[in-house]
Every structure is written in C-alpha cells, then in structure tokens.
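**Q** What follows is a protein structure lacking sequence information:
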C-alpha cells in the first residue's frame, strides 16, 4: 500500500500499473514542485489499474480490438453522450457547428455527422472515429455491466489501504474512485483529487451513480475530514459540468473545491492536470492532513 493512489480513465487498456506510474509520477512531482512541496518516490505511489478489463483476450492470429464504425454506436445512451460532447465542443470551438436551430433532442442526427464535427474540434483532433467510439463504449460498459463495474471497483478498493491519504483520479477513473470510496466506510483517505471528471453530467452519469443521489445531492465519499478538490480545463469536453459542489456539496458540512486550469492543447490529458500547482497543493494538503 502507499500514501497516494492513482486511478486512470478511459483508453488505458493497453497500459499497465507500472506504465501508469512511470507516466504520471514525473508530472505529479512537477505539480508538487510548483507549490514548493517535497516530491514523491515511486514506493509512495500505487496505481488502481483496471484498463486490462477492457482489453480483448489475446489469441493467436487475433484481429485485436474491435474496429468500430458509426453503425456500432447504439441509439439511446451512447448517442446521447456523443451529442453532449458535441454541444460542449461547440461551446468552446468555433470550428464545431451545431445543426442550426434544430433541437438535437427531437431531431435524430446521423452519428456520422456527429463524429465528423467532433473530429474537427481541437479537443478530438487526431482521434479517429473508432477510438472515440471505443472510449464511449468503455464508459457505457462500466455503467451498464454490473459484474464489470464491480471488478473495476474491486481493483481500486484493493490498493486503498490504511495508510492511503490521497486518491488522484482522472476522467472515468473519478467515477470509479468516487464509487469505490463510497463503498468503503471508515477509510482514511483525506483528499480526493478529481481531474477532468464527468461525475456531474446529469442523466448520463450523475443519475446513474452508486449509491444514488438523495434529493439531488450525491453521497459524500468519506468522513467529514475528507477534502475533495475537482479540477477541470475550460475546454475539457469530458468534464462537461465543471462545478461539482452544487451536486455533491452539503451546506455547513462538506463542499467540493472546484477549480479551472489551462491545459493548452491537451485539455483532457492527465499529465497537464498533474503538473498544475493547484493539483500539487491538493495532494500536499492531503498528505499532511490529520
């Protein structure tokens, strides 16, 4: 076990525990240096890794990952999340266009058109449709396949020990980490740091969380001493809802400290989130909390 647990997001199916630490730790330490804190050693960090659960089993002469096409995007939840990404991209990128005054809710839009518009955006630049669709399906599978969801949460719970003080979670990993912590009453985590989190997206994510929200407010993922810092880039399409405090905070008892950062061209990448001094300070504060 280690004081800091890292939880990755979508698209890590061909990565691994040690690869994740190798990629994230230099960026994390750079964020600590920004706030004049001591850097961490590899032994002080552990990865809650679950990406391999999305990777097809290897076999001789395998075709590898499924080659997704627009026809593989399911009507309903999958297309609704694609449309939500489209709306968010259009708000920050003038190249991305919505279909005039048409209502996206009442007028079916071809998936091919949505993918074409997203591929024009700065956020999804360079991402081919099969990758976008594959990432979309990872989120859907986590939310709609109970056995897989429990396996993934078990991976994260297994590395949160009595000495864990900080959990840093990116993208879908923030949903996993949140649910894992909620299912561990009495844990000693003092800081939850979510980066590029989709936790606040109504209907598609927030209203499908376990445990379910009560009166529109999500369960607090720990004791009163836990400090939750949520950091999002203004152009991060995955983090559609930048402010989580309205749906997770409780007046006079708990609050989420929401912040925005500038990640440059890599709005959703984990590394620029980790190198920011705000992230470093949140981690430092958690490590020194009693």
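**A** All right, it came through fine. Computed from a predicted structure; not experimentally measured.
**Q** Give me the packing partners of the helix or strand harbouring residue 84, helices and strands only.
**A** Residue 84 is part of helix 77-92, with elements assigned from DSSP states H and E. Identification of packing neighbours for helix 77-92 by 3 or more C-beta pairs under 8 Å, 6 or more residues apart in numbering; DSSP states H and E yields helix 111-120, helix 129-144. In this view, the C-beta of every residue, glycine as well, is placed from N, C-alpha and C.
**Q** Let's have these in TSV, adding mean pLDDT and distance to residue 154.
**A** As requested, the helices and strands packed on helix 77-92 are exported to TSV (pLDDT from 0 to 100; distance: least, C-beta to C-beta, whole Å):
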stretch	mean pLDDT	distance to residue 154
helix 111-120	84	33
helix 129-144	90	13
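**Q** Can you give me the neighbour number for the residue lying closest to residue 48 once chain neighbours are set aside?
**A** Using C-beta to C-beta, 6 or more residues apart in numbering and skipping the chain neighbours, the partner closest in space to residue 48 is residue 156 (3.7 Å). Residue 156 sits with 26 neighbouring residues when counted by other C-beta atoms under 10 Å.
**Q** so what's residue 156 up against?
**A** Listed by C-beta atoms under 8 Å, 6 or more residues apart in numbering, the contact partners of residue 156 are 5, 7, 48, 50, 176-177, 180.
**Q** That one: which element?
**A** Per DSSP H and E, residue 156 falls inside helix 146-159.
**Q** got the angle between the helix or strand following that helix and helix 146-159?
**A** Moving toward the C-terminus from helix 146-159, the first helix or strand encountered (DSSP H and E) is strand 166-170. Here strand 166-170 runs at an angle of 140 degrees relative to helix 146-159 (axes from the mean of the first three to the mean of the last three C-alpha atoms, to 10 degrees).
**Q** Direction included, what does strand 166-170 pair up with?
**A** Take DSSP bridges as the rule and strand 166-170 pairs in its sheet with strand 4-7 (parallel), strand 191-195 (parallel).
**Q** can you put those in a markdown table and add mean neighbour count and mean pLDDT?
**A** Below are those laid out as a markdown table (neighbours: other C-beta atoms under 10 Å; pLDDT from 0 to 100):
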| stretch | mean neighbour count | mean pLDDT |
| --- | --- | --- |
| strand 4-7 | 26 | 98 |
| strand 191-195 | 28 | 98 |
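**Q** who are the neighbours in contact with residue 166?
**A** Counted by C-beta under 8 Å, 6+ apart, residue 166 has contacts 3-5, 189-193, 283, 286-287.
**Q** so how many other residues sit close to the residue lying closest to residue 205 once chain neighbours are set aside?
**A** Residue nearest to residue 205 in three dimensions, not counting chain neighbours: residue 198, with 5.0 Å by C-beta to C-beta, 6+ apart. Residues near residue 198, counting by other C-beta under 10 Å, number 26.
**Q** can you map out the helices along the chain?
**A** 17-34, 77-92, 111-120, 129-144, 146-159, 172-182, 245-248, 270-275, 277-287 (DSSP state H).
**Q** Who are the packing partners of the lowest-mean-pLDDT helix or strand in the chain?
**A** The helix or strand of the chain with the poorest confidence is helix 111-120; it has a mean of 84 (mean pLDDT, DSSP states H and E). For helix 111-120, the packing partners by 3+ C-beta pairs under 8 Å, 6+ apart come out as helix 77-92, helix 129-144.
**Q** Could I get the helices and strands packed on helix 77-92 in CSV, plus columns for distance to residue 272 and mean neighbour count?
**A** Output for these, formatted as CSV (distance: least, C-beta to C-beta, whole Å; neighbours: other C-beta atoms under 10 Å):
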stretch, distance to residue 272, mean neighbour count
helix 111-120, 21, 18
helix 129-144, 18, 19
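**Q** So for residue 165, which of those sits nearest?
**A** When these are compared for distance to residue 165 using C-beta to C-beta, the nearest one is helix 129-144, at 25.9 Å.
**Q** Just the residues contacting the closest one, thanks.
**A** For helix 129-144, using C-beta under 8 Å, 6+ apart, the contacting residues are 10-11, 13, 54, 65-70, 72-74, 77-78, 81-82, 115, 118-119, 124, 148-149, 152, 172, 175-176, 198, 205, 208.
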